[in-house]
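# I need the structure of the sequence given here:
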Amino acid sequence: MSWFNQKQNAVLGLDISTAAVKLLELSKLGTRYRVESYTVVPLLQEAFVDKNIANIDMIAEAIRLAVKQSGTKLRQACVAVSGSTVMSKVITVPVSLAEEEIEDQVLDEAAQYVPYTLDEVSLDFEVQRVNETNPQMLDVLLVASRKENVNNRVEALTKAGLKTKIVDVEAFAIENALILLNDQLEGLEGKTYAVADVGASMTTLSIIHDGRTVYTREQGFGGKQLTEEIQRRYGFSYEEAGLAKKRGGLPESYTADVLEPFKKVMVQQISRSMQFFVSSSANRNVDGIVLAGGCATISGVDALIEQSLGVTTYIANPFISMALSNKVKPQTLSADAPALLLACGLALRSFD
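Down below sits the predicted model:
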């Protein structure tokens with residue numbers, strides 16, 4: 001199993017979030033991608049505790065169901081660990097070092113920076129480029145995560161009948177997928193975009209400058225708060241509230257009393273995360289905000305963010321220029337597109 005930069009056979013992009021398992025299969029003909037299959041299978045609340053896997057069997061069953069529903073024939077997958085469970089650092093090594101010597105130096109550096117013993121972590125590294133300020137040095141990206149974070153995902157896939165081919169990092173997968181938004185955005189070169197992925201229980205802000213991630217921040221906020229408010233206000237079970245949120249049919253007071261206040265809090269959360277970035281980055285300007293995750297499809301939230309923050313805001317759709325197989329319904333895929341940005345970044349590993 002590898003993390004980075006080895007030639008791979010086709011893999012499924014498998015995003016295991018706190019609320020659902022999202023499976024995506026892509027193919028490529030020439031320069032054009034095609035969506036072969038995808039599916040989203042909800043997870044019960046008990047599957048995760050504080051974004052840590054709590055019930056491997058429950059997740060394995062959801063993966064098994066996703067594979068069955070999608071009809072995919074692939075049995076290798078790429079999954080990701082989240083930013084909060086990952087330590088990453090760019091270190092520099094002399095250009096003159098051989099590959100084995102780079103590995104030895106990376107391990108030495110890891111022993112200094114990783115707050116666990118090396119026996120407790122899975123780690124990998126990738127040589128990125130010659131250092132901009134010193135051409136005699138190479139920039140090397142070091143990534144480490146507790147073994148249990150990696151092993152729990154591998155075990156869930158194994159129990160579902162899949163092989164874990166690659167373990168990625170969520171922030172890098174988002175960065176990987178951003179190139180597919182080039183038609184939506186005003187180009188990536190020299191530009192800085194904030195990708196706000198607002199999921200069920202977590203909001204992740206990734207700042208991507210010139211196509212590379214320079215900052216990430218997670219906050220415990222997501223669509224779960226909206227579901228719980230619907231549950232509390234209208235006397236539904238959590239599952240009933242989730243369905244009502246998606247399908248509609250709520251009382252007329254819902255928009256003014258519940259949805260609009262949630263949208264305002266969502267804007268505040270994104271604004272706060274961006275303020276942290278600005279205060280730590282010599283006031284670098286952001287050229288645009290990209291909304292991803294399930295909450296990105298809430299009607300009017302993009303306009304509210306743009307109005308409140310004064311930054312052009314886009315709803316992520318990585319599939320705009322892709323062909324679709326006969327199994328994929330265009331309207332359904334379009335509705336799910338913002339929530340599939342991470343899965344798309346993972347599925348793109350098939351073509352590294």
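# neighbours of Leu304, how many?
16 (other C-beta atoms under 10 Å). Backbone N, C-alpha and C define where each C-beta goes, glycine included.
# same question, the one 3 residues further on
When neighbours are counted by other C-beta under 10 Å, Gln307 registers 12.
# residue boundaries of the helices in the stretch 251-352 of the chain?
Along the stretch 251-352 of the chain, the segments classed as helices by DSSP state H, counting those that start in this stretch run 254, 260-279, 301-309, 330-336, 341-347.
# would you mind finding the most buried of those helices?
With neighbours taken as mean count of other C-beta atoms under 10 Å, these reach their highest mean count in helix 341-347, at a mean of 30.
# what does that helix contact?
11-15, 17, 22-26, 38, 78-80, 166, 168, 170, 172-177, 180, 195, 197, 292-293, 316, 318-319 (C-beta atoms under 8 Å, 6 or more residues apart in numbering).
# out of those residues, which are inside strands?
Under the assignment DSSP state E, those contribute 12-15, 22-26, 38, 78-80, 166, 168, 195, 197, 292 to strands.
# buried ones among those residues?
Among those, those that count as buried by neighbour count (16 or more other C-beta atoms under 10 Å) are 12-15, 22-26, 38, 78-80, 166, 168, 195, 197, 292.
# shouldn't Ile59 be within a helix?
Yes - counting by DSSP: H, G, I helix; E, B strand; the rest coil, Ile59 is part of a helix.
# could I get stretch 295-314 in CSV with only the CA atoms?
Coordinates of each C-alpha in stretch 295-314 appear next as CSV, following Å, rounded to 0.1, in the frame of the first residue of the first chain:
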residue,chain,number,x,y,z
CYS,A,295,-24.2,22.1,2.8
ALA,A,296,-22.9,23.7,-0.4
THR,A,297,-26.2,23.0,-2.1
ILE,A,298,-28.4,24.9,0.4
SER,A,299,-30.3,27.4,-1.7
GLY,A,300,-28.8,30.9,-1.7
VAL,A,301,-25.9,30.2,0.7
ASP,A,302,-23.3,31.0,-2.0
ALA,A,303,-24.9,34.4,-2.7
LEU,A,304,-25.0,35.1,1.1
ILE,A,305,-21.3,34.3,1.5
GLU,A,306,-20.4,36.4,-1.5
GLN,A,307,-22.4,39.3,-0.2
SER,A,308,-21.1,39.0,3.4
LEU,A,309,-17.4,38.5,2.6
GLY,A,310,-17.1,40.4,-0.6
VAL,A,311,-15.4,37.4,-2.4
THR,A,312,-16.6,35.7,-5.5
THR,A,313,-18.1,32.3,-4.4
TYR,A,314,-18.5,29.2,-6.5
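# look up how far Ala316 lies from the closest residue to Ala335 other than its chain neighbours.
Computed as C-beta to C-beta, 6 or more residues apart in numbering, the closest residue to Ala335 that is not its neighbour in sequence is Thr297, at 6.4 Å. Taking C-beta to C-beta, to the nearest Å as the criterion, Thr297 is separated from Ala316 by 10 Å.
# which residues are in contact with each of these two?
Pro338.
# of the two, who's got more company?
Ala316 (27 against 17).
# in this structure that one contacts Ile289, no?
No - if you go by C-beta atoms under 8 Å, Ala316 and Ile289 don't touch, sitting 10.3 Å apart.
# spit out the residues that contact the two alike.
What both Ala316 and Ile289 touch, as defined by C-beta under 8 Å, 6+ apart, is the set Val195.
# show me the shaky parts of the stretch 201-350 of the chain.
282-283 (pLDDT under 70).
# OK, contacts around the closest residue to Asp168 other than its chain neighbours?
Nearest residue to Asp168 in three dimensions, chain neighbours excluded: Ala80, at 4.4 Å (C-beta to C-beta, 6+ apart). By C-beta under 8 Å, 6+ apart, Ala80 lies in contact with Asp15, Val167, Asp168, Val169, Glu170, Phe172, Ala173, Leu342, Leu346.
# how about 10 Å then?
Residues counted as contacts of Ala80 (C-beta atoms under 10 Å, 6 or more residues apart in numbering) are 13-17, 86, 153, 166-174, 342-343, 345-346, 349.
# if I look at it, how far off is Thr31?
According to C-beta to C-beta, Ala80 stands 25 Å off from Thr31.
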